[in-house]
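**Q** how would this look folded up:
(chains A, B, C and D)
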2 protein chains.
Amino acid sequence: MVLATGADPSDATKDSDVRRTVGVRDVAKRAQVSLGTVSNVINTPDSVRPRTRARVEKAMSELGFVGSRAAGQLRSRKSGLVGVVLPDVGNPYWADVLRGVESVLERQDLTLVVGSTHQDPSRQSRLLRALTQQGVDGLLVAPIDKLRSWEPFGDRRLGVVALESGAEPDVGSSISLDNVGGARQAITHLLELGHRSVVFINGPRSVPWCVERREGVLAGIQAAGLKASEVLIEVEVADLTSANGLTATDNLWGVYQPTAVMCANDLVALGALLSLQRRGLRVPEDVSLIGYDDVEFVEALRPSLTTVRQPSFEVGVIAGQMLLSGAARDGGERELLTPSLIVRQSTGPAPRASM
Amino acid sequence: MVLATGADPSDATKDSDVRRTVGVRDVAKRAQVSLGTVSNVINTPDSVRPRTRARVEKAMSELGFVGSRAAGQLRSRKSGLVGVVLPDVGNPYWADVLRGVESVLERQDLTLVVGSTHQDPSRQSRLLRALTQQGVDGLLVAPIDKLRSWEPFGDRRLGVVALESGAEPDVGSSISLDNVGGARQAITHLLELGHRSVVFINGPRSVPWCVERREGVLAGIQAAGLKASEVLIEVEVADLTSANGLTATDNLWGVYQPTAVMCANDLVALGALLSLQRRGLRVPEDVSLIGYDDVEFVEALRPSLTTVRQPSFEVGVIAGQMLLSGAARDGGERELLTPSLIVRQSTGPAPRASM
DNA sequence: CTGCACCTATGAACCGGTTCAGAGTTCGCT
DNA sequence: AGCGAACTCTGAACCGGTTCATAGGTGCAG
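**A** Next up is the predicted model:
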């Protein structure tokens, strides 16, 4: 699921509709049992004698009974909801992570509620607040911002898992990827190909893993005995989408003509590729291009994209397991995964004429 | 957000935790007002004198008050939730529709709860049931299956909007695309290029718009004075993903060698393209390929993909507006949008040597 | 100074599924 | 038949924010 928020739902039409929904009491009356028994049929069917259960179930279907989660949740303090806060569900990378989470939570009666922050801190806190109000039992967050006030979010029944959070969170468990290492591999690859004028299109500094990827880039440059100020041009886009990648590259090219473009994200790289191709530049002969994530479609691009592969599905699986195992609640568990560079066609030797 | 479902959340740990959450009563006591006033501050701030309001707000932040949606919803019969049921949020097309919906519902205090059916009818009914239990105020559904028992879902406060439902739903409003026309344009394009051996990779027959696209294909063939049985090879995949597109094409090629492949979906076309390229076939010289949706990245593929463009974002916007305007509740409103063929590089004249 | 209209604040009742202590049954065994 | 353990079933109380009829307060006109 995805979440969005807004301002005023109160303009509901006057509902003079008197028809009430059928509740446990109606079912109980019809099945000639007490309301407690109906509740038992719903929650602990084994504790009800088969004959009775059948009667209740018959009554339920005859009446078209659909329970109200809200009422149950109020008393039981369980919502059966797991909140997931991601930068952007539209990004295939995160969609993949989500599939991983789903695959684990599948057999539990847990419902995923997913929201996108679009790299916007205020959106993040709105989402977190909304999810807390919904009473989610567990929370998976890829923080876009240092989470200041975790307090109310922390004591979920199943706990909290931070995905790709730079700093170690003070509650719950976390699962991270070595962004520094991944970015460093990428930039090193470019430097080894002779590139000495590289543009790095990154996300906002407030995002932990953007900061880390930048660190990796700087570290790689330094390790090669070069100065970042002479080699690197940094560009920042608010949201890591292909549209922004395209615009950023378009704007940039009026000012600089680097021999390589490195993107914080495959989506941005896609945008950059479109911009370059429209401009008539050949990749990788004129410009090398490198992405990050190894999203499914980049293999089919021509040229196919060199990128840094992240085990997206696995991240989701581990996160889901942490929730179920209780590690997310008890905290302290840390998982660190390593990305790997996938060299394809979009990167090649720097052209001679370059600086 | 995305929804998933499962079987048993009961293994919660015994919480001996006695700490209760702060409620309106706690806030009321601290602010020296009645609990009703606290409720007013939350819901109708203007009806509370500024001085009083300030006192309550201070108390709320001091106590770290986070309301419980469940409790409020129980009494007010408003959840502030809008359920969205889509085939696959991972598909950029639907992600786009979603963005459209979000853009409209943004300023309302509505939370989107999104779930993917993955073309699975049982998943659809599970989702619908789960959303109903959550008490969603409105529902957007792209039905994957004739919805038999709409009854309990129908009387949402904001109503129901059916996206791309083949048959006219009996409740709510609908917004559809001319799938017959779109598919017909695509197949006609291929036939005009001389193709007489075309594979059509489609989704399951249970999905309304898959059926419609098939109809369009058949109509186009007939209109060209040809027989479907002699021209068309039909393949069906369960879920319209690139992985399935790849496998289907791989398997198929052992048996047939058509001169063109038409896919019900750009994602499937992407898979097909990968399969063809791995096999060493040139597109479009050896095989023409055509997709459906005009998802963002297909323009960047090489060859860029010929496809049928659908106004995805607009679909979302209209759907959102129908919900807000009450058209979704009162029903009867029908919107029909028209897709258009976008010819790019992946289609070309049929090779001579073909049958 | 009284009356009346309007604005605020109050708090008991309520929404509907779950809990749990206790009553009622069933059944095996002596 | 007699007895206790185990199993079923019962229903009042409860979760916590919202509703709404009512009470209290303020200000202005008569």
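**Q** For the rest of this, base every contact and every neighbour count on C-alpha atoms.
**A** Noted.
**Q** Can stretch A:94-109 be said to contact chain B?
**A** Yes. Using CA under 8 Å from any CA of the partner chain, stretch A:94-109 reaches chain B at A:Ala95, A:Asp96, A:Glu102, A:Leu105, A:Glu106, A:Arg107, A:Gln108, A:Asp109.
**Q** From DNA strand D, how far out is A:Val160?
**A** 21 Å (CA to the nearest atom of the strand, to the nearest Å).
**Q** Make sure I have this right: that residue is in a helix.
**A** No. When classified by DSSP: H, G, I helix; E, B strand; the rest coil, A:Val160 is found to be strand rather than part of a helix.
**Q** contacting residues around it?
**A** Contact analysis of A:Val160 by CA atoms under 8 Å, 6 or more residues apart in numbering or on different chains lists A:Gly138, A:Leu139, A:Leu140, A:Val141, A:Gly154, A:Val171, A:Gly172, A:Ser173, A:Leu323, A:Ala328, A:Arg329.
**Q** Quick one, which of the residues of stretch A:94-109 next to chain B are buried?
**A** When the residues of stretch A:94-109 next to chain B are checked for burial by 16 or more other CA atoms under 10 Å in any protein chain shown, the buried set is A:Ala95, A:Asp96, A:Glu102, A:Leu105, A:Glu106, A:Gln108, A:Asp109.
**Q** before we move on, back to that, looking at the residues of stretch A:94-109 next to chain B, which is nearest B:Glu164?
**A** Distance to B:Glu164 across the residues of stretch A:94-109 next to chain B (CA to CA) is lowest for A:Ala95, with 22.7 Å.
**Q** For that closest one, what is the enclosing helix or strand?
**A** Using DSSP states H and E, A:Ala95 sits within helix A:92-105.
**Q** Contacts for that helix, please.
**A** A:86-89, A:112, A:293-296, A:312-321, A:324, B:4-6, B:89-90.
**Q** Any of those residues buried? List them.
**A** By 16+ other CA under 10 Å, the contacts of helix A:92-105 give A:86-89, A:112, A:293-295, A:312-321, A:324, B:4-6, B:89-90 as buried.
**Q** was I right about A:Ala248 contacting A:Val237?
**A** Yes. Between A:Ala248 and A:Val237 there is a contact under CA atoms under 8 Å: 7.3 Å.
**Q** Check the contact lists of these two and give me the overlap.
**A** Common contacts of A:Ala248 and A:Val237 (CA under 8 Å, 6+ apart): A:Ile201.
**Q** phi, psi of the most centrally placed residue in chain A?
**A** Geometric centre of chain A, nearest residue: A:Leu86, 3.1 Å, by CA atoms, centre = their mean. A:Leu86 adopts backbone torsions of phi -120, psi 160, taken as degrees, to the nearest 10.
**Q** Check what pLDDT the residue nearest to it when sequence neighbours are not counted gets.
**A** Closest residue to A:Leu86 apart from its sequence neighbours, by CA to CA, 6 or more residues apart in numbering or on different chains: A:Ser116 at 5.0 Å. Predicted confidence (pLDDT) at A:Ser116: the value is 88.
**Q** Do I have it right that A:Ser116 meets A:Asn91?
**A** No. Checked against CA under 8 Å, the pair A:Ser116 and A:Asn91 is beyond contact range at 10.1 Å.
**Q** low-scoring pLDDT stretches of the stretch 1-150 of chain A, where are they?
**A** Scanning the stretch 1-150 of chain A for pLDDT under 70 picks out A:1-19, A:147-150.
**Q** Swap in 90 and give it another go.
**A** A:1-21, A:88-92, A:106-111, A:115-116, A:118-127, A:143-150 (pLDDT under 90).
**Q** what mean pLDDT would you report for stretch A:235-245?
**A** For stretch A:235-245, the mean per-residue pLDDT is 92.
**Q** Check stretch A:155-168 too.
**A** pLDDT averaged over stretch A:155-168 gives 82.
**Q** If we go by neighbour counts, what in that stretch is buried?
**A** Buried, per 16+ other CA under 10 Å, within stretch A:155-168: A:155-166, A:168.
**Q** Pick out the most distant pair among those.
**A** Longest distance between any two of the buried residues of stretch A:155-168 is 24.3 Å, between A:Arg157 and A:Gly166; criterion CA to CA.
**Q** Tell me how many other residues crowd the closest residue to DNA strand D within the stretch 101-250 of chain A.
**A** As assessed by CA to the nearest atom of the strand, DNA strand D sits closest to A:Gln133 within the stretch 101-250 of chain A, at 8.7 Å. By other CA atoms under 10 Å in any protein chain shown, 17 other residues sit near A:Gln133.
**Q** how far does the helix or strand that it is a member of sit from the chain's center?
**A** Taking DSSP H and E as the definition, A:Gln133 sits inside helix A:121-134. How far helix A:121-134 lies from its chain's middle: 15 Å, per CA atoms, centre = their mean, to the nearest Å.
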